[in-house]
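> below are the sequence and a predicted model for it; my questions follow.
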Amino acid sequence: MISIIVAVTRPSAIGAWLLVLCTWSLSLPAAARELHWRELAVTARLDAAGHLHVSELHQMVFTGDYNGGERRFRVLGGQRFQLESITRVEEDGREVQLAEGDLSGSDQFAWHETHLLRWRSRQPDDPPFDRTPLTYRLDYELEGVLVDEGGGAYTLDHDFAFPDRPGVIERFRLHFEADPAWSTPRGLPLELAREGLRPSESVVVALPLEHRGGASSRVSASERSRLVGSLPVRLGLAAALVCAVLLLVGVARSRERELGRFDDAPSAPASAAWLREHVFVFRPELVGALYHERVGPTEVAALLARLELEGKIQNLGAQPADGLRLRLLVERGAFSGYERQLIDKLFVSGHETTTKRLRQHYAAVGFYPPALLSDSVGREMTALLGQGEGGALLGCLLVPGVFFSAACLFIVFCVLVASQPAVEPSWLLSAVVFGGLAFAVLGLRFARRARLAERGVGAAHDQLALWLVAGALGTAFLLVAARTLPLSALLVLTALAFCLVLLPLWMSRTASSREGVALRRRLRLARQQLLELLERGERNEAWLPYLVALDLGDGLESLFRGVAAPAGTPPRHGSRSDAVSSSSTSDGPASGWSGGGGSFGGAGASFAWGAAVSELAQGVSAPSTGSSSPPSSSSSGSSSDGGGSSGGGGGGGW
């Protein structure tokens, strides 16, 4: 026994055994499944009301363990399908009508998925088919297959075969006739024959028809309402959409031009006197709000810088463990309004606070410092920019309202298409889904660029206008090419495209008056002047809150490091009397750069407070999304499936 095991486990023996196993496996009977049609004979008749009555005779040949046959019907939007009967035809001509059931017994049929019809021809314990011929006849009625071209002219564009099938159709025959109410230049009845139709091949009949009318054979009003939109209607909707978009773009650009947004940028020599006249008359936190058109952490950092400059708080440095450490130098009664609210929130107990202590204190409820400034500073900002409370409210409500309307219209469009019986995904629906999303995303990006552009505002608006017009033209093409959609779906598609154009236009608009636009342009010029003065070597500690407000606080440590204080400038740490005793010059609200010992603790060392105070101004997030930190106050079937034709679908076995 041992010798046998050793013999069969030698390398040469293992190779022999593998060869035997392979030969044995190849000799096993294959359980292949194969299905083809000896013949598919279709008889179709168009009645006076435009309903298509179809009878399909399937002579199918099954091989393998098929349970039976199946037929998937392709029904487009605006069409209605009604199965009349399914019959098995014996070799002697006897007919057995199938009954609807759960497919547990033979000669039963049932619907699966979307208009997928299946019928059982074999039980699971029966022998597999072996080139077994079976014949079935399917009778059904299809409404809404005609395209209304207007003036009593119609087009039948229908696929009388089904390209989605596993096997070849050896012979195909079609007999088509119509009620005498219909006429065609090609003459009726129509006879077609094809040989050797491979899988994915169709038989599409495009036939122009004319309705002769008459009281007894007129297409009813209810039937006409189910027909797809006619060519004149589609052309009218496309033209209306393009004209409306051109008008909206023209009105929007005209409004921005009247507000001075397309004017050349203002210019003035960089000087402290110009800054004092146009910028330093406002508090730093208000300057930041005007520049950003919102109240956020930057404005809180500018306020803290101003309070430190005034000697009311003191920066004790930033430590890796505790973060920024601040000391309160005056009594709380010296503050009022939003300053007092911020101080009370920052200094929760005693006269000192750190970033770590604030995080621990507000860990459960969250803390967002800009919310304390948004009411008072926000009102001043909207008044100076000419927005007003009504305009701000309109801006808060209309933008999400337009976006919500567009989303609702898109959902309604999908429901309209999906509510039709057995609508399969079409090229039009795919184009609307992906094209609409891409158009909206890129349109909002162009709108944001046009809204925030500081230079080249006209060019940014030109890009937005070109994008919106291109989108309108693309939608117009879809409307003209959508020969199979009902009028209701065409109207919804037009309204959806209109909203997707209106939203970027609204997002690109400025809510400020002409005076407000001019004020923001002066602030942008002030930012450039501050940069130019710093590059020329001019320094002033009083500029720091405004540098922070205008997003120039980062990276300035190297510019200020080593600059000595002007003669006679006293240090400002220690007491309020020290803070208010500094000399005043014409360079700003409070002049002089303290260099190594000013109110910010010296240039090289104290400018590290910038990053720490910015972190503190961000606040403390709540532990869950439920307890919110207030946000800042300011996103045809393929050619193998009949293309744009009706009919088609698939068939085979299961």
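Received, thanks. Residues are numbered from 1 along each chain as shown.
> what's the domain layout of the protein?
Recorded structural domains for the chain (assignment: automatic domain parsing) are 34-227, 232-258+388-508, 272-386+514-617.
> run through the stretch 101-250 of the chain and note the low-pLDDT ranges.
213-229 (pLDDT under 70).
> which residues in it form strands?
For the stretch 101-250 of the chain, applying DSSP state E, counting those that start in this stretch gives strands covering 108-112, 116-120, 129-143, 146-150, 153-159, 169-178, 182-183, 190-197, 204-211.
> between these, which one is closest to residue 448.
Taking Cβ to Cβ as the criterion, residue 448 comes closest to strand 146-150 out of the strands of the stretch 101-250 of the chain, the separation being 42.0 Å. Quick note: C-beta positions are derived from backbone N, CA and C, even for glycine.
> so which bits of the closest one are buried?
Across strand 146-150, burial judged by 16 or more other Cβ atoms under 10 Å covers 146, 147, 148, 149.
> kindly report the same for stretch 526-535.
Buried positions in stretch 526-535, judged by neighbour count with 16+ other Cβ under 10 Å: 526, 527, 529, 530, 533, 534.
> what does it rub up against?
Here stretch 526-535 makes contact (Cβ atoms under 8 Å, 6 or more residues apart in numbering) with 268, 270-272, 274-275, 278-279, 291, 543, 546-547, 550-552, 556, 559.
> hmm, 7 Å instead?
Stretch 526-535 is touched from outside by 270, 274, 275, 278, 279, 543, 547, 550, 552, 559, with contacts defined as Cβ atoms under 7 Å, 6 or more residues apart in numbering.
> kindly report the same for stretch 51-58.
37, 40-47, 135-143, 145.
> report the buried members of these.
Neighbour-count burial (16+ other Cβ under 10 Å) is assigned, among these, to 37, 40, 42-44, 46, 135-140, 142-143, 145.
> now, the contacts of stretch 526-535 that are in helices?
With DSSP state H as the criterion, helices contain 274, 275, 278, 547, 559 from among these.
> so the first one sits against residue 266, correct?
Put plainly, it is residue 274. No - applying Cβ atoms under 7 Å, one finds residue 274 not in contact with residue 266, separated by 10.8 Å.
> between the two, point out the one with more neighbours.
Just comparing residue 274 and residue 266: by other Cβ atoms under 10 Å the higher neighbour count belongs to residue 274, 16 against 11.
> so how far is residue 523 from the more buried one?
Summarising the geometry, the distance separating residue 274 from residue 523, computed by Cβ to Cβ, to the nearest Å, is 12 Å.
> next one: residue 244
When distance is defined by Cβ to Cβ, residue 244 is 36 Å away from residue 523.
> which of these two has more neighbours?
When neighbours are counted by other Cβ under 10 Å, residue 523 comes out ahead of the other of residue 244 and residue 523, with 20 against 16.
> which ones are touching that one?
Contact analysis of residue 523 by Cβ under 7 Å, 6+ apart lists 279, 287, 290, 291.
> name the nearest residue to the first one, sequence neighbours excluded.
Taking Cβ to Cβ, 6 or more residues apart in numbering, and ignoring the residues beside it in sequence, residue 279 has residue 526 as its nearest neighbour in space, at 4.5 Å.
> now the one you found: which helix or strand?
Residue 526 is part of helix 514-535 when elements are defined by DSSP states H and E.
> okay, that helix in CSV with CA atoms only?
C-alpha atoms of helix 514-535 as CSV (Å, rounded to 0.1, in the frame of the first residue of the first chain):
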residue,chain,number,x,y,z
ARG,A,514,-23.1,102.1,-6.7
GLU,A,515,-21.7,103.8,-3.6
GLY,A,516,-21.1,100.5,-1.9
VAL,A,517,-19.3,99.1,-5.0
ALA,A,518,-17.1,102.2,-5.0
LEU,A,519,-16.3,101.8,-1.3
ARG,A,520,-15.2,98.2,-1.7
ARG,A,521,-13.0,99.2,-4.7
ARG,A,522,-11.4,101.8,-2.5
LEU,A,523,-10.7,99.1,0.2
ARG,A,524,-9.0,97.0,-2.4
LEU,A,525,-6.9,100.0,-3.4
ALA,A,526,-6.1,100.5,0.3
ARG,A,527,-4.9,96.9,0.5
GLN,A,528,-2.5,97.5,-2.4
GLN,A,529,-1.3,100.8,-0.9
LEU,A,530,-0.5,99.1,2.5
LEU,A,531,1.5,96.4,0.7
GLU,A,532,3.4,99.1,-1.3
LEU,A,533,4.1,101.1,1.9
LEU,A,534,5.4,98.1,3.7
GLU,A,535,7.6,97.2,0.7
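> quick revisit: in a markdown table: the ones in helices among the contacts of stretch 526-535, plus pLDDT and distance to residue 352.
What follows is those, written out as a markdown table (pLDDT from 0 to 100; distance: Cβ to Cβ, whole Å):
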| residue | pLDDT | distance to residue 352 |
| --- | --- | --- |
| 274 | 87 | 40 |
| 275 | 87 | 34 |
| 278 | 85 | 38 |
| 547 | 87 | 26 |
| 559 | 41 | 30 |
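> can you mark which positions in the helix or strand where residue 461 lies are buried?
Residue 461 belongs to helix 457-481 when assigned by DSSP H and E. Buried residues in helix 457-481, counted by 16+ other Cβ under 10 Å: 457-458, 460-461, 464-465, 467-468, 471-472, 475-476, 478-479, 481.
> by contact count, what packs against whichever helix or strand comes after that helix?
Once helix 457-481 ends, the next helix or strand along the chain (criterion: DSSP H and E) is helix 487-508. Of the remaining helices and strands, those touching helix 487-508 by 3 or more Cβ pairs under 7 Å, 6 or more residues apart in numbering; DSSP states H and E are helix 231-258, helix 388-419, helix 427-452, helix 457-481.
> quick one: average pLDDT of the shortest one?
For helix 457-481, the mean pLDDT works out to 83.
> cool, the longest one as well?
Rounded to a whole number, the mean pLDDT of helix 388-419 is 55.
> show me the contacts for residue 465.
The neighbourhood of residue 465, defined by Cβ under 7 Å, 6+ apart, consists of 249, 253.
> any idea how far it is from residue 294?
Computed as Cβ to Cβ, the residue 465 to residue 294 distance reads 26 Å.
> kindly report the same for residue 530.
The gap separating residue 530 from residue 294 is 21 Å, by Cβ to Cβ.
> closest one of the buried residues of helix 457-481 to residue 75?
Closest approach to residue 75 among the buried residues of helix 457-481 (Cβ to Cβ): residue 481, at 19.4 Å.
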